[in-house]
Structure formats: C-alpha cells, structure tokens
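1. Sequence unavailable; structure follows:
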DNA sequence: CATTGCAAGATTGGATCCAATTTCCCCCTA
DNA sequence: TAGGGGGAAATTGGATCCAATCTTGCAATG
C-alpha cells in the first residue's frame, strides 16, 4: 500500500497517467490540432518532470495523435475530413469482418443474453419517441458495449486493436453520437437488432453487410456535419478533466 | 502527399535509431520472445544512455512488439500461432479492401506501368523454372513493392498503417517468403498478374477476392510451417549468430 | 526440511543537469 | 524599406543522479 495522497496504484507509472490525460485532452478537443506541446509548460501544468512527460509524448506520437519533428518537439496532429471518412471506411470493413467471424463461431448463451440485454436497453432508451439529451450518455454506453461485444466475440485481437485506433481521432471517437434526429437513431438501433440476431443465428455475411452499412452511414453523417461546422459535433459535456495528480512531492514552483 | 517518412534526411534522434535497431533485432528473431530487455545492458550495448533507450522502448511497446510492466521493465512479446493466423486474416481483409478501393479509382498510367514492370520483374526471376536462393532478395523486394503499390493506390492511410502493423510480428513480416516450392511461388505470382490487371480494369470485387485468397493462403502456409518448426522460416537468410551491433562506445554520432 | 523475514544488491522510474539546436529579435546593409 | 546576419533566449535531446521498487540469497524459525 502506497502512501500517496492521490491514491497512486503502484502498478501504474506516472508516464501512463500523463499519457492518458493528454490523450483525453486531445480527443475532447481541448488541445486543438496544430497546437504545439511545449514540454516545460505541460510538465509543470501536470505536476511532473519532463521525463515521464516525454515518455508519454513518445507513446502518443506512436499512436498517431500527435506528430513529432526532431529538435522541434510535438504538435497535435490535424486530421482532414477525408481522413475521417477513410477511418470510417476501414472501421466499417473491420467491424463487418468481426461480425462475420463472430457469426461463424459458437456464441455462448451468456453472450446471446448480453446481446439481448443491450438491445432491450436501447429499445427502452428510445421508447419515448424523442431523443432526451439526458439519455445520451446511457445510449452511448450501450452502443460502445454493443460494438465491443461483437469485436470480442470475433476473437481476433488485431481487429480490436485496429478499431480502437480508428477511434483515435479528435472529435471522431465512439463517444460521439449525433443525437438530434430520432428517425436516424431509431434506424441505427434497428440495425443493432438485426445484427445481433444475424450473429446469433450464424448469418455471417448478412451480419457483415448490415454492420458495414451501419458504420458507413454513421461516417457519412458525421463527415457531412464536420464539413458544415468542424466543431459542432462536440456536445455540451463538461468533464472537467483538469486537476488530476494535484501535488507531487516537489512542486518546483 | 506526404510520403517517404524515412527518406528525409531531416534530423534523426538517437532514440529513433535505437528503436529501429531494437525493432530489427526482434523481427529478425535475435531477441527472442519472453526475453527481458535490461536497460543498463541494452544502453551500453548500443552506446547511448538510458534516456533515449527508454524513449525507444516506450515506442516499441506502443507498437506491440514488447510488453511493459510497471517497475519490472520490458520483455519481448510472444505471439501464438493463433495470433499469427489472425494477423493474416485481418491483413487479407485489409489488402483486399485496398484492391477494391484502388480499382474504383482512376489509376494514372505511370502506376499501371509500374505494375507491369513489377510483374515482369517477377516473371524474369521465376523464368528459370527453379527457385534460385540468390534471387530471393530480389523477389522479396518486388513482392513488397507490389503490395505497397496497391495500398498506396487505395489512397487510405489507415490501411497502410494497419497493414504495416500486421507485419510487426517476429518471424512473420513481409520479409519472410517461403522460398522452397516453385509451384506455390509461381501460382502466387500468377495472382499478382491477375490482381494487377483486375485493378487496372476496374474490377474491384474480383481484385479483392484474389487478394484475400493470395494473403490467406500465404498465411496458412506460414502457420503450418511454424507449427512444425517455429524457427524454420528464418533459414534462407544470413543468421549472424553473434553479430551483435557493434557497440559504438565512443559516444556521439 | 520447508517456510518466512529481511537485508543487500540490482533494476527501474523520475528529477535534474548540460549540450545542441531552434527561435526570435534587433541591428546592419543594400 | 526589405532582406539578411548574428547572437541571446527558449526549447529540445541526452546524460547523470537519486529514490522507489523488485529480486535474490541467506539465516532464523516452526
């Protein structure tokens, strides 16, 4: 048991925490594309020295969220709308493939039950006939878990890794759901119904085709929205990601 | 338009060099799975301090070639044969998709010519009716460039990134070609002929299907070989058993 | 004899220090 | 006035130092 004031689990390094924080700031849009990441500034903003910060930056650069240039440091990478579209296109293929793989395997009853629970949860959230903003977080959780369940049932860790990477784009992660058109969400959730059932019944190709359209359509919607207003997809959700790791033992200032 | 990440003579940091060296050692099998990467040992083996080494290790860990455990350091990751099979399955889908994307675009004549040059080069290398070991490097280069050409013609940078990652497995990169059965190589190169022509003629689905089989079959062959003899695939190349990197102890570069 | 406790050495993670490169501003010149 | 030097400040990359954690080996104990 460590004596940390901020409960620092011994098996987590501060570089990991820093990486997680910076990643979050970028994905939330707090650190905008093109912005330079000054090491001194960031390190004392986060209350750590430059060493773990630089480790974190190296990792994030490897993930593709920031760009590095020797002797000039890191800056937040900018993604074009075309890259966003490409990400959805590839994700559609990968998740479609995951559906096919999952359908070709024997799905345990417990997982079928989980599918049903998730779909039913979605039905419940949409049962009002309107999109209550307060229900968005719950719907988003359901959606994320639905997609992840399929990917885990496919049993191919590469798919999981690559799909996660396609979410590694500012303003374009699976946390973003365009929650403003009931018919579109309803139809999207209807896809969930069909996909779950198709997988359960071993209809791999059909599940694949459904998923491809499911993802591609979402991508088209988002791309369209981004073209009109690049930042309009960021809905009000203040998470106050500031103030983790407040005081380390030597504050330097 | 940004290509050629490695050809730019821009300043290279020593962390990048170290990363490249370690990556190479792992992919070549010189650092075997499970092996612990001791920082002191490695850093003076490579003639740098622990700082750039640790940056390099953090990057390589992010790529998935090594695993990290807090306070216990890094060790070379072991991949199961099943993970290798999975990698080929995903790569097949991705490269197949790349074929379809490429075929749906307008291919510049210069690229068509490049296709023809590569395919002709392959014909030449196989024209003897046997597999001369001395021709393997040339065939491998042709093969790598053929696949990369398709991926670049697809114009989707995510595909490129993900396919590269599937090569990030020890003993299973595109540098490995099972160069011992003429008929198999001949048929494989015949796939190249058909794929190139299908793409040039806009037959996307056909090109996709050809590529999927092309990759999956190579994967099956390799997996089979790995099951019999996990290290047998490394044979044809120079082994350099103790040819450790000459430690540049004198210091800077 | 197996197990536990513990201390010393080994190893890692983080902080600090120094050198090399870049950036920026001011002055000079055509 | 526009366009270069040139040098100081800012910033990065790498080396070294220190603290925390892990590992190892041995002795004490049941």
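-> Right, received. Where do you want to start? Computed from a prediction, not measured in an experiment: that's the story for all the values here.
2. What is the burial count for residue A:41?
-> For residue A:41, the neighbour count with other CB atoms under 10 Å in any protein chain shown is 10. In this view, the C-beta of every residue, glycine as well, is placed from N, C-alpha and C.
3. cool, and residue A:205?
-> 13.
4. Can you tell me, leaving aside adjacent residues, what's nearest to it?
-> residue A:100 (6.6 Å; CB to CB, 6 or more residues apart in numbering or on different chains).
5. The one you found falls within a helix, correct?
-> Yes: checked against DSSP: H, G, I helix; E, B strand; the rest coil, residue A:100 lies within a helix.
6. Now for it: which residues touch it?
-> Residues counted as contacts of residue A:100 (CB atoms under 8 Å, 6 or more residues apart in numbering or on different chains) are A:204-205, A:207-208.
7. try residue A:60
-> A:19, A:22-23, A:26, A:66, A:74.
8. which secondary structure elements does the host helix or strand of residue A:120 contact?
-> Assigned by DSSP states H and E, residue A:120 belongs to helix A:109-126. Applying 3 or more CB pairs under 8 Å, 6 or more residues apart in numbering or on different chains; DSSP states H and E, we find helix A:109-126 packed against helix A:136-154, helix A:182-200.
9. Just the buried positions in the last one, please.
-> What it means is helix A:182-200. Residues of helix A:182-200 classed as buried: A:185, A:188-200 (neighbour count, 16 or more other CB atoms under 10 Å in any protein chain shown).
10. What ranges does chain A have for its strands?
-> Taking DSSP state E to define them, one finds strands in chain A at A:36-37, A:66-69, A:73-76.
11. got the ones you listed as a markdown table, with mean neighbour count columns?
-> Listed next are these as a markdown table, based on neighbours: other CB atoms under 10 Å in any protein chain shown:
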| stretch | mean neighbour count |
| --- | --- |
| strand A:36-37 | 16 |
| strand A:66-69 | 18 |
| strand A:73-76 | 19 |
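12. Identify, from the contacts of residue A:60, the entry nearest to residue B:175.
-> Among these, residue A:66 lies closest to residue B:175 (CB to CB), at 29.4 Å.
13. Return the distance of the residue nearest to the closest one when sequence neighbours are not counted relative to chain B.
-> In space, and not counting its chain neighbours, residue A:66 is closest to residue A:74: 4.7 Å by CB to CB, 6+ apart. Residue A:74 is 12 Å from chain B, where distance means CB to the nearest CB, to the nearest Å.
14. Residue A:74 contacts residue A:67, correct?
-> Yes: counting by CB atoms under 8 Å, residue A:67 is a contact partner of residue A:74 at 6.7 Å.
15. which residues are common contacts for those two?
-> Residues within reach of residue A:74 and of residue A:67 at once, by CB under 8 Å, 6+ apart, are residue A:61.
16. surely residue A:93 meets residue B:95?
-> No: contact between residue A:93 and residue B:95 fails when scored by CB under 8 Å: they sit 11.1 Å apart.
17. what residues are up against residue A:129?
-> Residue A:129 makes contact with residue A:182, according to CB under 8 Å, 6+ apart.
18. Write out the residues of the stretch 1-150 of chain A neighbouring DNA strand D.
-> A:2, A:10-11, A:36-40, A:50-51, A:54, A:68, A:70-73 (CB under 7 Å from any atom of the strand).
19. Most neighbours of all those, which one?
-> The member of those that has the most neighbours, counting by other CB under 10 Å, is residue A:54 with 22 neighbours.
20. show me what contacts it?
-> Counting by CB under 8 Å, 6+ apart, residue A:54 touches A:39, B:55.
21. Does residue A:223 touch residue A:81 like I think?
-> Yes: with contact defined as CB under 8 Å, residue A:223 reaches residue A:81; the gap is 5.7 Å.
22. Give me the common contacts of the two.
-> Common contacts of residue A:223 and residue A:81 (CB under 8 Å, 6+ apart): none found.
23. Would you mark the buried spots in the biggest helix by length in chain A?
-> Using DSSP state H, we find that the single longest helix of chain A is helix A:204-228. In terms of neighbour count (16+ other CB under 10 Å), helix A:204-228 has its buried residues at A:204, A:206-212, A:214-219, A:221-223, A:225-226.
24. about what we covered before: and which of the buried residues of helix A:182-200 is nearest DNA strand D?
-> Distance to DNA strand D across the buried residues of helix A:182-200 (CB to the nearest atom of the strand) is lowest for residue A:199, with 41.3 Å.
25. okay if I get the strands of chain A as TSV plus mean pLDDT?
-> Formatted as TSV, the strands of chain A follow (pLDDT from 0 to 100):
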stretch	mean pLDDT
strand A:36-37	96
strand A:66-69	97
strand A:73-76	97
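26. can you put those strands in JSON lines and add distance to residue A:130?
-> Converted to JSON lines, the strands of chain A look like this (distance: least, CB to CB, whole Å):
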{"stretch": "strand A:36-37", "distance to residue A:130": "42"}
{"stretch": "strand A:66-69", "distance to residue A:130": "40"}
{"stretch": "strand A:73-76", "distance to residue A:130": "37"}
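27. how far away is the closest residue to residue A:198 other than its chain neighbours from DNA strand D?
-> In space, residue A:198 comes closest to residue A:207 once its chain neighbours are excluded; the distance is 3.8 Å by CB to CB, 6+ apart. Distance of residue A:207 to DNA strand D, given as CB to the nearest atom of the strand, to the nearest Å: 44 Å.
28. again, but for residue A:89
-> Counting by CB to the nearest atom of the strand - residue A:89 and DNA strand D are separated by 33 Å.
29. For that residue, report the pLDDT, please.
-> Per-residue pLDDT puts residue A:89 at 98.
30. list the contacts for it?
-> A:216, A:219, B:101, B:156, B:158.
31. Up against DNA strand C, what does the stretch 51-200 of chain A have?
-> Neighbours of DNA strand C within the stretch 51-200 of chain A, by CB under 7 Å from any atom of the strand: A:51-52, A:55, A:71-72.
32. Try it again at 10 Å.
-> Counting by CB under 10 Å from any atom of the strand, the stretch 51-200 of chain A comes close to DNA strand C at A:51-56, A:69-73.
33. Filter the residues you listed down to just the ones in helices.
-> Filtering these for helices - DSSP H - leaves A:51-56.
34. can you put these in JSON lines and add pLDDT?
-> As requested, these are exported to JSON lines (pLDDT from 0 to 100):
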{"residue": "A:51", "pLDDT": "98"}
{"residue": "A:52", "pLDDT": "98"}
{"residue": "A:53", "pLDDT": "98"}
{"residue": "A:54", "pLDDT": "98"}
{"residue": "A:55", "pLDDT": "98"}
{"residue": "A:56", "pLDDT": "98"}
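35. can you list the residues you listed in JSON lines and add distance to residue B:170?
-> Listed next are these as JSON lines, based on distance: CB to CB, whole Å:
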{"residue": "A:51", "distance to residue B:170": "30"}
{"residue": "A:52", "distance to residue B:170": "29"}
{"residue": "A:53", "distance to residue B:170": "31"}
{"residue": "A:54", "distance to residue B:170": "27"}
{"residue": "A:55", "distance to residue B:170": "24"}
{"residue": "A:56", "distance to residue B:170": "27"}
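36. related to what we said a few turns ago, bridging residues for the residue nearest to residue A:66?
-> Counting by DSSP bridges, residue A:74 forms beta bridges with residue A:37, residue A:68.
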